[in-house]
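Peer 1: take this sequence and fold it.
(4 chains)
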Protein chains: 2
Amino acid sequence: MATTAAPDTRKTPAEPSDTLLRQFVGYNMKRAFMLIQDDITETLAPLGLRIGTFSALAVVVGSPGISQTQLSQVLNIKRSGVVVVVDELERAGVLERTPVYSDRRAYALQVTPAGKRLWRRAERAMQAHEAALFADLDAKDLRIFQDLLSRVARSAARHRRGSAN
Amino acid sequence: MATTAAPDTRKTPAEPSDTLLRQFVGYNMKRAFMLIQDDITETLAPLGLRIGTFSALAVVVGSPGISQTQLSQVLNIKRSGVVVVVDELERAGVLERTPVYSDRRAYALQVTPAGKRLWRRAERAMQAHEAALFADLDAKDLRIFQDLLSRVARSAARHRRGSAN
DNA sequence: TATTGTTATACTCTATAACTATA
DNA sequence: TATAGTTATAGAGTATAACAATA
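Peer 2: Model (predicted):
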């Protein structure tokens, strides 16, 4: 039945790989992002921040007085998710829910002085991290990449708006 | 104390936005990917596939006889996660666990004829989907984008290997 | 009636750890 | 002892739905 000479060396055709998936832009985007996500998490952890809280802090720094509903829209998450993030940042003394006198249902989110200091540290840490992470790409390539990313995002958003949902 | 004229119009400085976050490549990658992820899910759903099962199917099509451990390495997930995905694909009659006579612990994964037909349909659906999704970008831009994505992934992987983990 | 923030709950994805059967 | 596959369980992250206070 079995040949006695020449053992079977093709257990799997050479190296198993994701060749068929690499044709897809979506797969390559996911793969690249997953690779840097863990790095980002590790960069933020010493500052007591997660990706979600870092993002929320950035938006409140850039748009002081923003409401939680507005924050949910900017970050593309649900209002119920914002509550968790704001709770965490408020507990850490990073931001505050201040009353809105014209609408007593809503809160105006404000960054505390400690929050501003934390943001400056976090921003610098992330900038340093990305500089190291993308050391292989020169400034011009990075600009092109950023531009293509925003064009891809715009194209996808348009496509999404165009379809039925 | 308070001026009696001119009501307070700056509830929030104009439009709240994520300006401070856009400086980061990681944020733009996440944002762009999130936008297309839902689209991909909707493209695969009619075929009975999720992103995870689609990816696994693609790898087994491209590397027939691959083991579950190898598959976990290619897809960058844990072996326990592979079990779930392979269970689902096997239940759907898309692939099979065939015995490996040289190692009775392991399975060689094989795509069934139905699985091959499903893959061809899924591949075409995804190609059509991406063509529509990235309609705003010409072929040259897309090639540049793909190239930059793989360079970013390589750079990130190198950075990751270099640091202590 | 509609909206803001909140809570409880559930779902998806993935990770960890302990187990079995083989090696 | 180590490895392949499996199972149970737990943890993020996010979504849905119902609720109170207010508009």
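Peer 1: all helices for chain A, in order.
Peer 2: A:19-22, A:25-44, A:51-62, A:68-75, A:79-91, A:113-133, A:139-162 (DSSP state H).
Peer 1: skipping adjacent residues, who's closest to A:M29 in space?
Peer 2: Excluding the flanking residues, the one nearest A:M29 by CB to CB, 6 or more residues apart in numbering or on different chains is B:F33, at 4.6 Å. Yep, even glycine has a C-beta here, placed from its N, CA and C like the rest.
Peer 1: neighbours around the one you found, how many?
Peer 2: 23 (other CB atoms under 10 Å in any protein chain shown).
Peer 1: how far away is the residue nearest to A:R158 when sequence neighbours are not counted from A:V152?
Peer 2: Nearest in space to A:R158, with sequence neighbours left out and distances taken as CB to CB, 6+ apart, is B:D136 at 7.3 Å. Computed with CB to CB, to the nearest Å, the distance linking B:D136 and A:V152 is 8 Å.
Peer 1: low-confidence ranges, chain A, go.
Peer 2: A:1-14, A:163-165 (pLDDT under 70).
Peer 1: nearest residue to the middle of it?
Peer 2: Ranked by distance to the mean C-alpha position of chain A (CA atoms, centre = their mean), the top residue is A:I51 at 6.2 Å.
Peer 1: now do the contacts for it.
Peer 2: By CB atoms under 8 Å, 6 or more residues apart in numbering or on different chains, the residues touching A:I51 are A:37, A:40-41, A:44, B:30.
Peer 1: change it to 10 Å
Peer 2: Residues near A:I51 by CB atoms under 10 Å, 6 or more residues apart in numbering or on different chains: A:37, A:40-41, A:43-44, B:26-27, B:30.
Peer 1: B:D136 and A:V152: who's more crowded?
Peer 2: Neighbour tally, B:D136 and A:V152, criterion other CB under 10 Å: the higher count belongs to A:V152, 27 against 13.
Peer 1: okay but the more buried one is in contact with B:D141, surely?
Peer 2: Yes: using CB atoms under 10 Å, A:V152 is in contact with B:D141, at 9.3 Å.
Peer 1: which neighbours do those two share?
Peer 2: B:F134.
Peer 1: interface residues of chain A facing DNA strand D?
Peer 2: Counting by CB under 7 Å from any atom of the strand, the residues of chain A lying close to DNA strand D are A:50-52, A:77-78, A:80-81, A:84, A:102-105.
Peer 1: which among these gets closest to A:E123?
Peer 2: Proximity of those to A:E123 (CB to CB) peaks at A:I51, which lies at 14.2 Å.
Peer 1: how far away is that closest one from B:Q110?
Peer 2: 39 Å.
Peer 1: also A:L109?
Peer 2: For A:L109, the distance to B:Q110 (CB to CB) stands at 55 Å.
Peer 1: what about these two, which has more around it?
Peer 2: A:L109 (27 against 15).
Peer 1: burial count for the residue of chain A found nearest DNA strand C?
Peer 2: Nearest residue of chain A to DNA strand C, counting by CB to the nearest atom of the strand: A:S80, 2.9 Å away. Residues near A:S80, counting by other CB under 10 Å, number 9.
Peer 1: for A:V84, same thing?
Peer 2: 13.
Peer 1: contact partners for it?
Peer 2: Taking CB under 10 Å, 6+ apart, we find A:V84 in contact with A:52-53, A:56, A:77.
Peer 1: which other residues reach stretch A:140-149?
Peer 2: Counting by CB under 10 Å, 6+ apart, A:29, A:130-131, A:134, A:137, B:22-25, B:27-33, B:137, B:141-142, B:144-149, B:151-152 sit against stretch A:140-149.
Peer 1: what about 8 Å?
Peer 2: A:134, A:137, B:25, B:28-29, B:31-32, B:137, B:141, B:144-145, B:148, B:151-152.
Peer 1: are any of these buried, and if so which?
Peer 2: For the contacts of stretch A:140-149, a neighbour count by 16 or more other CB atoms under 10 Å in any protein chain shown gives the buried set as A:134, A:137, B:25, B:28-29, B:31-32, B:137, B:141, B:144-145, B:148, B:151-152.
Peer 1: farthest-apart pair in those residues, please.
Peer 2: A:F134 and B:L137 (21.4 Å).
Peer 1: any chance of the helices of chain A in a markdown table, with distance to B:R91 too?
Peer 2: A markdown table is the format used below for the helices of chain A (distance: least, CB to CB, whole Å):
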| stretch | distance to B:R91 |
| --- | --- |
| helix A:19-22 | 22 |
| helix A:25-44 | 24 |
| helix A:51-62 | 35 |
| helix A:68-75 | 37 |
| helix A:79-91 | 33 |
| helix A:113-133 | 40 |
| helix A:139-162 | 31 |
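Peer 1: return the most buried member of those helices.
Peer 2: Highest mean neighbour count among the helices of chain A (mean count of other CB atoms under 10 Å in any protein chain shown): helix A:51-62, with a mean of 23.
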